[in-house]
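# how would this look folded up:
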Amino acid sequence: MGCGSETITEDAPIQPSGGICDAAVERLEACGVPVSEPFDCDPTVEQQACQADCLANASCDDLTAATDRAPSTEASEDFWRCVYGCAGQYECADGQDQIPAVWVCDGETDCADGSDEENCEPSDAWFECTDDSDAIPSDWVCDGTPDCLDGSDEADC
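As a prediction, the model looks like this:
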């Protein structure tokens, strides 16, 4: 794991052996979360580097909840805000709110004015999580990072 003789406590920050992608893998492993091989992370791709940073800095509780290893708990709002924020922001038509771009046309109204669900068409650009908890961009499917609460975007890869 690259940690030498250091003792890792559940929420201790990981000192990566190299790069943000390695830090994410080391954090997942330190928390007992299985990591698919190969872990699909390219630090030169902004969204992947951003998500890896979210994983590397997440608590073990958030990581296990997000990967459905602790079904009685939920990952924190701050964790999901970090992950979803990696896809960029959408400004609601009324100019009052900004929401994660992945929430646009996801079937749930997030803007007070409803503009995030206007003019939406069914699209192959979105993957509907098996448990209907969310819809994620299709390019997040089988990318080595579980984005659905039930992990269905990384199943059968």
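
# what's stretch 149-157 in contact with?
Contact partners of stretch 149-157, identified using CB atoms under 8 Å, 6 or more residues apart in numbering, comprise 36, 66-68, 74-75, 127, 129-131, 133-134, 136, 140-148. The way it works is simple: take the backbone N, C-alpha and C, and place the C-beta from them, glycine included.

# from the residues you listed, which land in strands?
When the contacts of stretch 149-157 are checked against strands (DSSP state E), the matches are 127, 136.

# in ChimeraX, select just the buried ones from the contacts of stretch 149-157.
Written as a ChimeraX command, the selection of buried residues from these, which uses 16 or more other CB atoms under 10 Å, is:
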select :66,67,75,127,129,134,136,140,141,143,144,145,146,147,148
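
# in helices, which of the contacts of stretch 149-157 fall?
residue 66 (DSSP state H).

# which residue, other than its chain neighbours, is closest to residue 60?
Closest residue to residue 60 apart from its sequence neighbours, by CB to CB, 6 or more residues apart in numbering: residue 31 at 3.8 Å.

# ok, that neighbour to residue 108 distance?
Going from residue 31 to residue 108 by CB to CB, to the nearest Å gives 29 Å.

# OK, contacts around residue 96?
Contacts for residue 96 (CB under 8 Å, 6+ apart) come out as 111-113.

# any chance of TSV for these, columns neighbour count?
Compiled in TSV, these are given as follows (neighbours: other CB atoms under 10 Å):
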residue	neighbour count
111	20
112	12
113	13
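
# dump these to JSON lines, plus secondary structure, distance to residue 19 and pLDDT.
As requested, the contacts of residue 96 are exported to JSON lines (DSSP: H, G, I helix; E, B strand; the rest coil; distance: CB to CB, whole Å; pLDDT from 0 to 100):
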{"residue": "111", "secondary structure": "coil", "distance to residue 19": "36", "pLDDT": "93"}
{"residue": "112", "secondary structure": "coil", "distance to residue 19": "40", "pLDDT": "94"}
{"residue": "113", "secondary structure": "coil", "distance to residue 19": "41", "pLDDT": "95"}
